[in-house]
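Enquirer: Predicted model and sequence below, questions to follow.
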Amino acid sequence: VLFVLAFFKVLPWTPLQILILNLLTDAFPALSLGVEPFDPKLMEKPPSDRERFLRDIYAFAVIGGIVAFIASVGIFTVAYELIGFSGIENRLVIMKGTIADYEPEVIRLGYAQLMAFVVTIVFELIFIFIARCDNDTPFIKSEPHKSKWLFRAIGASFVIVLLLVYVPPLQFVITSLPEK
C-alpha cells in the first residue's frame, strides 16, 4: 500500500476492499481448516527443529510476500498506467452508472483498484494450498483434494468475488467510483 501510495499518490485498495479481502481469504478458509480431520500420524513425528522451522517459515513468508506484492502491485500498475486511457473504458458499463458519467482519472483508479482486488484474492486463495502443506511432504502427497471443507470455503469465496464484481446491486461494495 505504501509503495503504491508513494509512487502514484493513490491507494491500491479501498478500506472496504481490504476488509472484504481479509474476510474472504482468512475467515472462511480458517474456519474450514478448523473442521478438517487431523492427521493421525502427526503425533508419531518427532518435534521439528526450532531453528529450521523458524528459517522455513520466515523464508515462506518473505518469498510469498514478495510474489504477492509483485502480482498485486504489478496488476495495479498495468491497469492504472497502461490500460487507463486505452479506450476500453468507453465500452464498459460499470457500477453506479455508465463510464461516461465519470472523469477519466476516476475511471482509471476504480478499474485499477478492482483489478488489484481480484488478483490479490485469487492469489491468496490459491496460496492457501501451499501454506497448508508441511515442509516434509510434497504438495501432491499431502492430498489437498481431500480437504472438502477447504474447497467449499474457497469456492464460496470465489462465488462471492464474482457476485461483487458482476452483480450491479452488489458492485457498490467494492467500487471506488463516487455516487452520482
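Expert: Yes, it's here. Just so you know, these numbers come straight off a predicted model, no measurement behind them.

Enquirer: does residue 173 count as helix, strand or coil?
Expert: In three-state terms, and counting by DSSP: H, G, I helix; E, B strand; the rest coil, residue 173 is coil.

Enquirer: which ones are touching it?
Expert: Contact analysis of residue 173 by Cβ atoms under 8 Å, 6 or more residues apart in numbering lists 16, 20, 164. In short, each C-beta sits where N, CA and C put it, glycine included.

Enquirer: any idea how far residue 6 is from the most centrally placed residue in the chain?
Expert: The centroid of the chain falls nearest to residue 121 when counting by Cα atoms, centre = their mean (1.7 Å). Going from residue 121 to residue 6 by Cβ to Cβ, to the nearest Å gives 24 Å.

Enquirer: From residue 50, how far off is the residue nearest to the centre of the chain?
Expert: Between residue 121 and residue 50 the distance is 34 Å, computed by Cβ to Cβ.

Enquirer: picking up where we left off before, the residue nearest to the centre of the chain contacts residue 24, doesn't it?
Expert: Yes. In this structure, residue 121 is within contact of residue 24 by Cβ atoms under 8 Å, at 5.8 Å.

Enquirer: what do those two both touch?
Expert: 157, 161.
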